[in-house]
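Asker: 3D, please:
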Amino acid sequence: MSKLEELIQELCPDGVETFPLEECCNILDKKRKPVTKNSREKGEYPYYGANGVQDYVSDYIFNGKFVLVGEDGSVITKSGTPVVTWAEGKIWVNNHAHVIEEKSGTMLRYLYFYIQTIDVTSLIHGNIPKLTGRDFRSLKIALPPLEIQREIVSILDNFTELTAELTAELTARKTQYTYYRDKLLANSYKGEIKQLEECCDSIADGDHQAPPKADSGVPFITISDIDERHEINLNVTKYVPDEYYNRLADKRRPQKGDVLYTVVGSYGIPVYISENKRFVFQRHIAILRPNNAVIDSRYLYHAMNGTAFHRQADLAAKGAAQKTIGLASLAKMTVPVPPLDVQNRIVNVLDNFEKICSDLNIGLPAEIEARQKQYEYYRDKLLTFAETGNTILNGTERNGTERNGTERNGTERNGTEL
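Answerer: Below is the predicted model of the structure:
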């Protein structure tokens, strides 16, 4: 029998009571203060929003250890649970994240893990997704004795520490990759620089009119369907009719070798189209069709992902609420264009390096993904309790029998180890 099982059997054999979140912690939402980007003074203190650090500012309004939970905007994960952030030290938090601190009788770190297991799908409403203060305060928390909270936190912290070490190593590799990519691009051209409009047969964006909806047909993607590996997830829930796709201008219908580039909001993300698959996209995404006599399309993707090109994008992006790179500005942005044979050599080097850093089937990314799944499995298992008066714990009855009535390993919880 594990230490945790012993503690549960000793301290709460008849189940665990549940309480509203507001009874388990101090909620500090009234102390939050939003500051517009133009009004922020740059500094050393993290400025938090719904899904983590948004900026760094010169002052702070909180000092200590806190759990932040997205209130509006990015508030729900793909699995339907809240977006939860652990924050320590001197910080500033805007009004897009709920703020809680520890209260006697409940470990803040326990709440951090537990809130990640709550399905809030039915609580999120509005065009801008929102987890209201009322619904947040009412979230149900299963609260075992402190000794059990400590043991669960210790187990889960070990998982997260291992994942953090692997993530730090992967980050170092990506930093190394960025350095060598920029070095290769900078040393490759001997003064030969071209504007994108000189390298491409066409530069366009998505249809500016809202497309007709369909239950099936051609996938319709948005910026949120582009993942951190600069790849498109075509397993979407939005579609347009075939007739709409067929009426689009050819330059707006992606084909193998095209490069997409996000130009509104989360601007500056290039995507290489590696195969011919039908899909359409919103006007927040531009599509470039390289002239292969001038530039290799895969080389263009790497060049547009370089630090020098990102700097150009930052200068070209205009607007207050939502930064936008106009197509005219995009067309004037430049990339180094060495001879095609040199481009091909650079592509071979960078593709191999990128695969090592990003491919989910090899190396550190695969191990990190496996660790994350393992952590989520044990987190959900450890934080599933029987409620007081209920004889079920993690799918197993207190007398040692499974929920279908069969004994667990043939032994009972009468003092005999499982």
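Asker: any idea what sits nearest residue 83, other than its immediate chain neighbours?
Answerer: Leaving aside its sequence neighbours, residue 83 sits nearest to residue 70 (Cβ to Cβ, 6 or more residues apart in numbering; 3.8 Å). All C-beta atoms are positioned from the backbone trio N, CA, C, and that covers glycine.
Asker: is the one you found bridged to anything, and to what?
Answerer: Following DSSP bridges, residue 70 is listed with bridge partners residue 97.
Asker: so it makes contact with residue 51?
Answerer: Yes - if you go by Cβ atoms under 8 Å, residue 70 and residue 51 touch, sitting 5.9 Å apart.
Asker: more neighbours: those two, which one.
Answerer: Comparing residue 70 with residue 51 by other Cβ atoms under 10 Å, the one with more neighbours is residue 70, at 26 against 17.
Asker: how near is the more buried one to residue 48?
Answerer: Between residue 70 and residue 48 the computed distance is 10 Å (Cβ to Cβ, to the nearest Å).
Asker: quickly list what's touching both of the two.
Answerer: residue 97 (Cβ atoms under 8 Å, 6 or more residues apart in numbering).
Asker: check which element follows the longest helix anywhere in the chain along the chain.
Answerer: In the chain, ranked by residue count with DSSP state H as the criterion, the top helix is helix 146-186. Per DSSP states H and E, helix 146-186 leads on to strand 193-195 as the next helix or strand towards the C-terminus.
Asker: low-confidence ranges in the chain?
Answerer: Flagging of the chain using pLDDT under 70 yields the residue ranges 1, 188-191, 321, 357-364, 386-418.
Asker: next up, the contacts around residue 163.
Answerer: So residue 163 contacts 368, 371-372, 375 (Cβ under 8 Å, 6+ apart).
Asker: go with 6 Å
Answerer: Residues near residue 163 by Cβ atoms under 6 Å, 6 or more residues apart in numbering: residue 371.
Asker: also residue 139?
Answerer: Contacts for residue 139 (Cβ under 6 Å, 6+ apart) come out as 21, 118.
Asker: and if we set it to 10 Å?
Answerer: 18-22, 24, 69, 82, 98, 111, 114-115, 118, 120, 123, 131 (Cβ atoms under 10 Å, 6 or more residues apart in numbering).
Asker: strands of the stretch 251-400 of the chain, start to end?
Answerer: With DSSP state E, counting those that start in this stretch as the criterion, the stretch 251-400 of the chain has strands at 259-262, 270-272, 280-281, 285-290, 334-336, 392-393, 396-397.
Asker: save those strands as TSV, and put in mean neighbour count too.
Answerer: As requested, those are exported to TSV (neighbours: other Cβ atoms under 10 Å):
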stretch	mean neighbour count
strand 259-262	24
strand 270-272	22
strand 280-281	24
strand 285-290	23
strand 334-336	20
strand 392-393	17
strand 396-397	18
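Asker: minimum distance to residue 319: which of those strands has it?
Answerer: Checking these against residue 319 by Cβ to Cβ gives strand 259-262 as the closest, at 14.1 Å.
Asker: any idea how far that closest one is from the middle of the chain?
Answerer: Chain-centre distance of strand 259-262: 19 Å, with Cα atoms, centre = their mean, to the nearest Å.
Asker: partners of it in the sheet?
Answerer: strand 270-272 (antiparallel), strand 285-290 (antiparallel).
Asker: which one of those strands lies closest to residue 8?
Answerer: That would be strand 270-272 among the strands paired with strand 259-262, by Cβ to Cβ, at 48.6 Å.
Asker: now do the helices in the chain.
Answerer: Counting by DSSP H, the segments of the chain that form helices are 3-11, 108-115, 133-137, 146-186, 196-199, 242-247, 297-304, 307-316, 327-332, 340-358, 363-382.
Asker: how about the residue nearest to residue 299 when sequence neighbours are not counted, what does it touch?
Answerer: Leaving aside its sequence neighbours, residue 299 sits nearest to residue 343 (Cβ to Cβ, 6+ apart; 4.0 Å). Residues counted as contacts of residue 343 (Cβ under 10 Å, 6+ apart) are 188-189, 294-300, 302-303, 336-337.
Asker: check contacts around residue 143.
Answerer: By Cβ under 10 Å, 6+ apart, the contact set of residue 143 is 12, 16-19, 23-24, 105-107, 110-111, 114, 149, 385.
Asker: what of residue 28?
Answerer: Residue 28 sits next to 61-62, 64, 66, 93, 98-101 when contact means Cβ under 10 Å, 6+ apart.
Asker: run the last query once more with 8 Å
Answerer: Applying Cβ under 8 Å, 6+ apart to residue 28 gives the contacts 62, 66, 99-101.
Asker: how much space separates the residue nearest to residue 69 when sequence neighbours are not counted from residue 26?
Answerer: Nearest residue to residue 69, sequence neighbours excluded (Cβ to Cβ, 6+ apart): residue 98, at 4.5 Å. Distance of residue 98 to residue 26, computed by Cβ to Cβ: 12 Å.
Asker: from residue 165, how far out is the closest residue to residue 53 other than its chain neighbours?
Answerer: In space, and not counting its chain neighbours, residue 53 is closest to residue 46: 4.7 Å by Cβ to Cβ, 6+ apart. According to Cβ to Cβ, residue 46 stands 22 Å off from residue 165.
Asker: the more surrounded of the two?
Answerer: Neighbour count, other Cβ under 10 Å: between residue 46 and residue 165, residue 46 has more, with 19 against 12.
Asker: the more buried one and residue 61 touch, don't they?
Answerer: No - contact between residue 46 and residue 61 fails when scored by Cβ under 8 Å: they sit 11.5 Å apart.
Asker: overlap of the contact sets of the two?
Answerer: Taking Cβ under 8 Å, 6+ apart as the criterion, residue 46 and residue 61 both touch 91-92.
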